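In: return atomic coordinates for the entry below.
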Amino acid sequence: MNFKTVGYALGITILAAACNNYRTQVTDSGLKYQIFEHEDDSRQAKLGDIMSFHLVLKNGADSVLRDTYKEGSPMKMVLQEPPFKGSFEEGLTLLATGDSAKFMVNADTLFAKMQQPLPPMIAKGSEISFTVKVLSVQTSEEFQKSQSEDAAKQKEVDAKVISDFMAKNNLTGKATKTESGLVYIVEKPGTGKSPSAGDKVKVNYVGKFLDGKEFDSSKGTPLDLQVGAGMVIPGWEEGIMLMKKGEKGLLIIPSGLAYGPETYGPIPGNSVLQFELELVDFSKGEKLPTPPAR
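Out: Next up is the predicted model:
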């Protein structure tokens, strides 16, 4: 066999492998799928692992319902027993780190299992496609270690961002910085004592990115909440308990005390945020139980 023939034979082999990858296959449980990329030597997912992956979700008309690439943050999921035969979660257990695939799930079955009616954009009898790109597969221990390392790095990044913001806006000499990294600037002093964990507070607020763009506000109607009960982000909890009745101030909150690495509505992951807060009033509430020792 000459080199030309060898090259032709090799090309046929590669083409056959590629066609096999892209063809639609069906599991014993009835899940339809296509494999786009797969490495036999990569780490295979198993139940209990935590998988990080990008997802593009489409309806039967090929309209995008969700795209984590555009959201800027991949999904993270603990792999558990599939909720029903032929589910998307079953498909994830077929994959390994670096794999990409598409899973097709009957819409009627999916929403029946969820005990929800079909939304208007989902046609009866259609399929919903889940196109996945696996970024990592980790044990719980590996995931926790990775999260801790990422959080430590992000804390340093946030500190630099906050320092630059304060210098640019001439806030450095006016600010109080806590051990957690929260920055608080009193704009109008209040009177009396500060709230404690468990107290009921009324606050007005405006939330902005550091570029000044507003993303949320109380719109003049005070928000009622119990401070220290986990109803709001940690930066708010800590900041409110620094304030006095009638006080107005500015909180500059590092991402670790805000919404962390995940995208939250209009807020991208790892965002440092600023909140203009006014503690309108507060009253004593029930004492919260002491959290268990770690």
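In: show me where pLDDT drops low in the protein?
Out: For the chain, the stretches with pLDDT under 70 are 1-21, 288-294.
In: got the buried residues for the helix or strand hosting I162?
Out: I162 belongs to helix 140-168 when assigned by DSSP states H and E. Neighbour counts over helix 140-168 (16 or more other C-beta atoms under 10 Å) mark 143, 154, 158, 161-162, 165-166 as buried. (Each C-beta comes from the backbone N, C-alpha and C, glycine too.)
In: packing partners of that helix?
Out: Applying 3 or more C-beta pairs under 8 Å, 6 or more residues apart in numbering; DSSP states H and E, we find helix 140-168 packed against strand 248-253.
In: how far does the strand it packs on sit from its chain's centre?
Out: Here strand 248-253 is found 24 Å from its chain centre; the criterion is C-alpha atoms, centre = their mean, to the nearest Å.
In: residues contacting I253?
Out: Taking C-beta atoms under 8 Å, 6 or more residues apart in numbering, we find I253 in contact with 182-183, 233, 235-236, 239, 272-275.
In: any chance of these in a markdown table, with secondary structure, neighbour count and distance to G125 too?
Out: Converted to a markdown table, the contacts of I253 look like this (DSSP: H, G, I helix; E, B strand; the rest coil; neighbours: other C-beta atoms under 10 Å; distance: C-beta to C-beta, whole Å):
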| residue | secondary structure | neighbour count | distance to G125 |
| --- | --- | --- | --- |
| L182 | coil | 23 | 53 |
| V183 | strand | 25 | 55 |
| I233 | coil | 18 | 43 |
| G235 | helix | 26 | 48 |
| W236 | helix | 24 | 47 |
| G239 | helix | 26 | 52 |
| V272 | coil | 24 | 47 |
| L273 | strand | 21 | 45 |
| Q274 | strand | 20 | 49 |
| F275 | strand | 21 | 48 |
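In: quick check, nearest of these to S29?
Out: Using C-beta to C-beta, I233 comes nearest to S29 of the contacts of I253, at 40.9 Å.
In: ok, the closest one - contacts?
Out: 253, 257-259.
In: grab the nearest non-local neighbour of P254.
Out: Nearest residue to P254, sequence neighbours excluded (C-beta to C-beta, 6 or more residues apart in numbering): D158, at 3.8 Å.
In: tell me who's in contact with that neighbour.
Out: Contact partners of D158, counting by C-beta under 8 Å, 6+ apart, are 181, 254-256, 270, 272.
In: dump the residues you listed to TSV, plus distance to S148.
Out: Shown next, in TSV, are those (distance: C-beta to C-beta, whole Å):
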residue	distance to S148
G181	16
P254	16
S255	15
G256	11
N270	15
V272	20
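In: farthest pair in these?
Out: G181 and N270 (13.4 Å).
In: and the residue nearest to P254, how far from P234?
Out: Shown here: D158 relative to P234, a distance of 13 Å by C-beta to C-beta, to the nearest Å.
In: and what of F111?
Out: Counting by C-beta to C-beta, the gap from F111 to P234 is 36 Å.
In: do the same with Q226
Out: In this view, Q226 and P234 are 15 Å apart by C-beta to C-beta.
In: swap in V203?
Out: Distance, V203 to P234, using C-beta to C-beta: 15 Å.
In: please spell out which residues along stretch 84-98 are buried.
Out: Applying 16+ other C-beta under 10 Å to stretch 84-98 flags 86-98 as buried.
In: tell me who's in contact with L210.
Out: L210 neighbours (C-beta under 8 Å, 6+ apart): 161, 165, 272-274.
In: on that earlier part again, let me know the closest of the contacts of D158 to E37.
Out: Nearest to E37 among these, with distances taken as C-beta to C-beta, is N270, at 27.8 Å.
In: so what's the closest one closest to, chain neighbours aside?
Out: S255 (4.6 Å).
In: also S217?
Out: In space, and not counting its chain neighbours, S217 is closest to V206: 4.4 Å by C-beta to C-beta, 6+ apart.
In: perfect, that will be all.
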